[in-house]
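Q: A predicted structure for the sequence below; I have some questions about it.
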Amino acid sequence: MPPVTRPRDIPWEALDAQALSPAQAQLVGAEWKARMVQEHLAVGAFALITQELAETGCDERVLALVARASADEVRHADVCRRVAVAFLGDGEVPPRVRGTPAVPPHADLPERRALLHVVEMCCVNETLTGVFLTEMLARATNPAMRAVIDSLLADEIDHGRVGWAHLAACQAEGRAVGLDEGLRGILERSIGRLLDGGGGARPPAPDPALAAYGIIGKAESDEIVRAALRDVILPGFAEIGIPVDGARTLAAARGWA
């Protein structure tokens, strides 16, 4: 089992909002404020998955890592809040977030439902987040922001890997038959939300000043998502033996490939 990750030292004083224009600082702060909410929602998602896997049974190392992931996401939300406050001010960022995610119920037996939740949260969402944070880190030059991104990235990679490990075990035991039928719905919710849901506050084109703080333009961001689906996520399912023909057809039809 991988060692328990510890919070990285982050030179918070290097997050200098004065180095950006007011509009740029607002955009950076808004991005991390939104990420804070997503990280908080991931706490509830991993708590649910932990409960489902504890109920239906899985490798104890998988259960340990999934259970730890909830605590990881609590720390992530706090890190994201501190970044948001640095650019927006304390009065513009709530001291805490409330709520749990809307998790697809899936009208399946408990074991299959747990697997579908693991696949969506870990194999797709957390793997995609790991790819995106890697690209953010490659562009960021501000030392504090690099430390922030790195502190999230190591955990997100583990969160993705644990999903792939559980899926591979289920496939080897014959418990993932027919998963390709649910995969298309999972991609609609994850990839479709990102590529078809608009650009939000992201700049349409790259901005070197924003790139220093890890902000990627909308067009480049979309290409990262497409590449992650094409080169990482779908090949990962295929390598394990999950049919992906239907998913590839969907991706081509929706312009995701």
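A: Everything's here; your move.
Q: OK, contacts around the nearest residue to M121 once chain neighbours are set aside?
A: For M121, ignoring the flanking residues on the chain, the nearest one in space by C-beta to C-beta, 6 or more residues apart in numbering is A45 at 5.4 Å. C-beta coordinates here come from the backbone N, C-alpha and C atoms, glycine included. A45 makes contacts with T100, P101, V103, H117, M121, as judged by C-beta atoms under 8 Å, 6 or more residues apart in numbering.
Q: where does the first one land in three-state SS?
A: Spelled out, it's T100. Taken by DSSP: H, G, I helix; E, B strand; the rest coil, the conformation at T100 corresponds to coil.
Q: residue contacts, it?
A: Residues near T100 by C-beta under 8 Å, 6+ apart: L41, G44, A45, L48.
Q: now the helices for the protein?
A: In the chain, helices defined by DSSP state H lie at 22-56, 60-88, 110-118, 127-139, 143-172, 179-195, 208-211, 218-228, 234-240, 245-253, listed in chain order.
Q: next, format these as TSV and append distance to A14.
A: Supplementary listing: the helices of the chain in TSV, determined by distance: least, C-beta to C-beta, whole Å:
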stretch	distance to A14
helix 22-56	13
helix 60-88	10
helix 110-118	37
helix 127-139	15
helix 143-172	4
helix 179-195	29
helix 208-211	15
helix 218-228	24
helix 234-240	36
helix 245-253	40
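Q: a markdown table please, covering the ones you listed and showing mean pLDDT and distance to R96.
A: What follows is those, written out as a markdown table (pLDDT from 0 to 100; distance: least, C-beta to C-beta, whole Å):
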| stretch | mean pLDDT | distance to R96 |
| --- | --- | --- |
| helix 22-56 | 96 | 8 |
| helix 60-88 | 97 | 9 |
| helix 110-118 | 95 | 25 |
| helix 127-139 | 97 | 22 |
| helix 143-172 | 96 | 19 |
| helix 179-195 | 92 | 25 |
| helix 208-211 | 91 | 27 |
| helix 218-228 | 94 | 28 |
| helix 234-240 | 97 | 35 |
| helix 245-253 | 95 | 37 |
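Q: who wins for proximity to P95 among these?
A: Each of the helices of the chain was scored for nearness to P95 using C-beta to C-beta, and the closest is helix 60-88 (8.0 Å).
Q: and the gap between the closest residue to V97 other than its chain neighbours and E73?
A: Using C-beta to C-beta, 6+ apart and skipping the chain neighbours, the partner closest in space to V97 is H40 (3.9 Å). H40 sits 7 Å away from E73, going by C-beta to C-beta, to the nearest Å.
Q: how about V83?
A: 15 Å.
Q: repeat for R254
A: On the measure of C-beta to C-beta, R254 and E73 end up 29 Å apart.
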